[in-house]
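Chemist: starting from these lines, generate the structure:
(chains A and B)
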Amino acid sequence: MTTSRVEAAGGKGYTWVDDRVPASSFLKKNLNKVFPDHWSFMLGEIALYSFIILLLTGTFLSLWFKPSMVEVIYDGSYLPLNGVAMSEAYATTLDISFDVQGGLLMRQIHHWAALFFVGAISVHLLRVFFTGAFRKPREINWVIGVGLLTLALLEGFAGYSLPDDLLSGTGLRIAEGIMLSIPLVGTWLSFLVFGGEFPGNDFIPRLFTVHVLLVPGIILALITVHLMLVWYQKHTQFPGPGRTERNVVGFPLFPVYTAKAGGFFFIVFGVTALMSGLFQINPIWVYGPYVPDQVTAGSQPDWYIGWLEGGLRLMPNWEIPFFGNTISLNILFPALILPGIIFTLMALYPWIEQWATGDRRYHHLLDRPRNAPTRTALGAMALTFYTMLWIEGGNDIIASVFSLNVNAVTWFFRIAIFVVPPLVYLAAKRIALGLQRRDRDKLLHGYESGVVKRLPSGEYYEVHKPISRDEQSVIESRKEHLRPLPMPDKTDAHGVRTPHYRIKALRARLSNFYYSDDIQAPTPAEIEAAQHHEAHEMAELDHEIDDSRDKALAPRGTTEH
Amino acid sequence: MPEHRPRRSDVDPRAAKRAERQVGFLFLISALASVLFIVAYFAIPKDELVRVPPFGETSAANLALGLAMGIALFAIGAAAIHWAKKLMPDVEIVAQRHEEGSPQEARDAALSEYERGVEESGFKRRPFIAGSMIAALAMAGLPAIVLLRDLGPAPGNKMDYTMWREGTRILIAETKQPIRVADMTIGTLISAVPEGIDVVIEEEKTLDALAKAPVILVRLDPEDIKSQQGTDWDVEGILCFSKICTHVGCPINLYEQQTHHLLCPCHQSTFDLADSAEVIFGPAARNLPQLAITVDADGYLVAQGDFAVPVGPSFWERG
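Modeler: Model (predicted):
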């Protein structure tokens, strides 16, 4: 390529840049970078695009919103609140909703996009978990993802609290109560955060800085690293014909993926805008300004806080005296300790599984959830646990909609949260193993064709046909599972105690827990033998039928066998 | 690799032409919707309402702007994806993955470079420098933490008292009117605040006082009162309790007259007002503190003094 050709195509501007930064060297390698296609890979994209929408609409809102708790008397277009004392934060949120053309739309897009952001991150995380995409070499990206989820929850709650309306103010009061429950430093922490007693005058401006600068800055940095790692490590892919651990099959970045992913951004933005035009969200003017001695019945936080709310509602009222001080376990446990444990376990999961199974291989082909039954069952169990907390978060709504006693609903969940998740574990594991068995049968005996034939003896049988090459390659993609680690001997041949016996034994038990129930995939030899046998048997049965038909059709007396 | 099946638009030029028109048409719809957005922005008054069947009454401007913007953006996305699916190649291509991690020689080379640097800096040979540097860096972080000290005042004993004093009149929260015994029939429950709360809010320029002082007044049949938190803290069956839930501080407002149960709308802690506001269900651990009340010379309900215990959620120093 001569310089003049590049100049003709890209203009002088491009060559000017390329002379200083080697853009062409980058483009040469990356314009045809391959991305695999699957609908579930769009979940992370939705999260990314929602974040971009949040940055755009958030910037717009910040042009009018005044994060101030100074009391003003409202005098704007929303007549029912005229003359009412309220904070400047609440008043300017009303202004954005009623006196800025398009302001309500931007507020609603911002809120809907926030709900989608957390939702998309959550479902994306489930996809990554159930397909084993977090395995080596992608553990770092898994941890970044867990960090992003945590920050997204924090960021969402902060934004929800800024308008200083009655609903979100109640949420902040609860947050203050949670801070107070922290042993030793809780009261101090609350006084520092609120600049004195609750609610004070400092909190909304401080929260604003956290919401528009600190947290989004960290989120943006983490998303950048997250995407760079996806780019560098290349995307995982689902098993299929022609797909191996060593390749990536899909569409090139330019033009197909650019059009699809770029187009999808506009789809997400468009849908969010349509929803914000049609469906009202967070109508703060209905709730009224925050006043600490008022509350509305049936108060509900945004969906992603529901599980924490459920924990607070579920927990028995345990408060422990501690040498003249108070430990409020009824608040501390569900609001801080339990989420701490959950997020820690989630972040560490790749290493837990790696240690338990001894699987330190690289994985670029995704697991079908059935092929990792224990992981799938653990995930289903955790998800059930989460869902039960989430439902309990609306125990009053459930009680009033179904005319139940709210205490009975709470008691149900207090017990069910221990009983149901293990049952879901067992069911999910059985289903996964059942699907493994079916895969094995399909490979060995083909699929059930639906054609039923009858033998002269009156016996019926169903014709099995070999599965397609494509399906076979999907089933056969299942990687050889490592066998469960053997139990270590307590002592060696000389009677010397095995060093670290307990840890080794725990590891063997865990590895057994993961692998011992697996249905072994058939070996190629087994498949060939079975297919040969199947074909032979079918041929014999068909022959038997043909024979008897010949007999039946042949003129009487001439057949001799 | 699975066999590639050509699409209609691959083999039939008319189908390809049709797809081309569809894509272009979608882009044009988008451009038109953007124009409509601008028209709606200027044409529709901000306060105009419109009735849309399933959604009820809604802001006309919001609806029009949302629809126009949504269509403008969605159509761009639809056009781009339709273009990719119908007219761009749909043959998947294969790329090889590179080796994960660094090759051994790179690791060795990096280690040698690092060791050279450590050697040249003398970091290991001069432990005094290493030690003092670590100390300096660790100390440099501390001022950043200390700087945050002035975020708020020391708690002191602020959590232990409210603005109730001996003789403070109890006012109806809504109307700020004082209350006589005769104003309350049996079964009545009133949200109330101390007299002078508006002045305090005005002076302090915060709602702090209102976050601690609100109470509820309830009149029960004296026969029904099983216990209260002090002797003669009621006035003819009128009891006064803190309105702030002892769980995490929501104001409590759901009263069940028949059972004398007061339910917190946030986490459903339930208190029995006839029995010292004892917790009978839910996550709250402590009774609602009772405010001792009496009647002043003019016959209005007043406090005998401040609460005997801190109101609101438990905290470490509460004991």
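
Chemist: and residue A:132, how many neighbours?
Modeler: With neighbours defined by other C-beta atoms under 10 Å in any protein chain shown, the count for residue A:132 comes to 23. C-beta: built from backbone N, CA, C; applies to glycine.

Chemist: cool, the one 3 residues further on as well?
Modeler: Neighbouring residues of residue A:135 were enumerated by other C-beta under 10 Å; the total is 24.

Chemist: which residues touch it?
Modeler: A:350, A:353, A:354, A:359, A:363 (C-beta atoms under 8 Å, 6 or more residues apart in numbering or on different chains).

Chemist: what about 10 Å?
Modeler: Counting by C-beta atoms under 10 Å, 6 or more residues apart in numbering or on different chains, residue A:135 touches A:128, A:142, A:236, A:350, A:353-354, A:359-364, A:366-367, A:372, A:375.

Chemist: got a PyMOL select line for the buried ones in those residues?
Modeler: To isolate the buried ones among the contacts of residue A:135 in PyMOL, judged by 16 or more other C-beta atoms under 10 Å in any protein chain shown, type:
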select buried, chain A and resi 128+142+236+350+353+354+359+362+363+364+366+367+372+375
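
Chemist: from the contacts of residue A:135, which are also near chain B?
Modeler: A:362, A:364 (C-beta under 10 Å from any C-beta of the partner chain).

Chemist: residues near residue B:184, how many?
Modeler: 19.

Chemist: distance of it from residue B:92?
Modeler: 79 Å (C-beta to C-beta, to the nearest Å).

Chemist: the residue of the stretch 151-300 of chain B at minimum distance from chain A: how many residues sit nearby?
Modeler: For the stretch 151-300 of chain B, the residue closest to chain A is residue B:248, as judged by C-beta to the nearest C-beta, at 2.7 Å. Neighbourhood size, residue B:248 [other C-beta under 10 Å]: 30.

Chemist: does it really touch residue B:285, like I thought?
Modeler: No - contact between residue B:248 and residue B:285 fails when scored by C-beta atoms under 10 Å: they sit 11.1 Å apart.

Chemist: what touches both of those two?
Modeler: Joint contacts of residue B:248 and residue B:285 (C-beta under 10 Å, 6+ apart) are A:328, A:330, A:331, B:269, B:313, B:314.

Chemist: I'd like those as CSV, with distance to residue B:86 and pLDDT appended.
Modeler: Below are these laid out as CSV (distance: C-beta to C-beta, whole Å; pLDDT from 0 to 100):
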residue, distance to residue B:86, pLDDT
A:328, 62, 96
A:330, 60, 96
A:331, 57, 97
B:269, 60, 96
B:313, 61, 96
B:314, 65, 95
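
Chemist: wait, what's in contact with the closest residue to chain B within the stretch 101-250 of chain A?
Modeler: Closest approach between the stretch 101-250 of chain A and chain B, counting by C-beta to the nearest C-beta: residue A:177, at 2.7 Å. Shown in contact with residue A:177 (C-beta under 10 Å, 6+ apart): A:186, A:190, A:198, A:312, A:328, A:331, A:335, B:244-250, B:266-267, B:312-315.

Chemist: let me know the helix or strand that it is in.
Modeler: helix A:166-180 (DSSP states H and E).

Chemist: would you mind writing the CA trace of that helix as PDB?
Modeler: Extracted C-alpha coordinates of helix A:166-180, given in PDB (Å, rounded to 0.1, in the frame of the first residue of the first chain):
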ATOM      1  CA  LEU A 166     -40.100  10.600  51.400                       C
ATOM      2  CA  LEU A 167     -39.500   7.100  50.000                       C
ATOM      3  CA  SER A 168     -35.700   7.400  49.500                       C
ATOM      4  CA  GLY A 169     -35.300   9.400  52.800                       C
ATOM      5  CA  THR A 170     -36.800   6.400  54.500                       C
ATOM      6  CA  GLY A 171     -34.200   4.200  52.800                       C
ATOM      7  CA  LEU A 172     -31.500   6.500  54.100                       C
ATOM      8  CA  ARG A 173     -32.900   6.300  57.600                       C
ATOM      9  CA  ILE A 174     -32.600   2.500  57.300                       C
ATOM     10  CA  ALA A 175     -29.000   2.900  56.100                       C
ATOM     11  CA  GLU A 176     -28.300   5.000  59.100                       C
ATOM     12  CA  GLY A 177     -29.800   2.300  61.400                       C
ATOM     13  CA  ILE A 178     -27.500  -0.200  59.700                       C
ATOM     14  CA  MET A 179     -24.500   2.000  60.200                       C
ATOM     15  CA  LEU A 180     -25.400   2.400  63.900                       C
END
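
Chemist: mean confidence score for that helix?
Modeler: Average pLDDT, helix A:166-180: 96.

Chemist: try stretch B:107-123
Modeler: 95.
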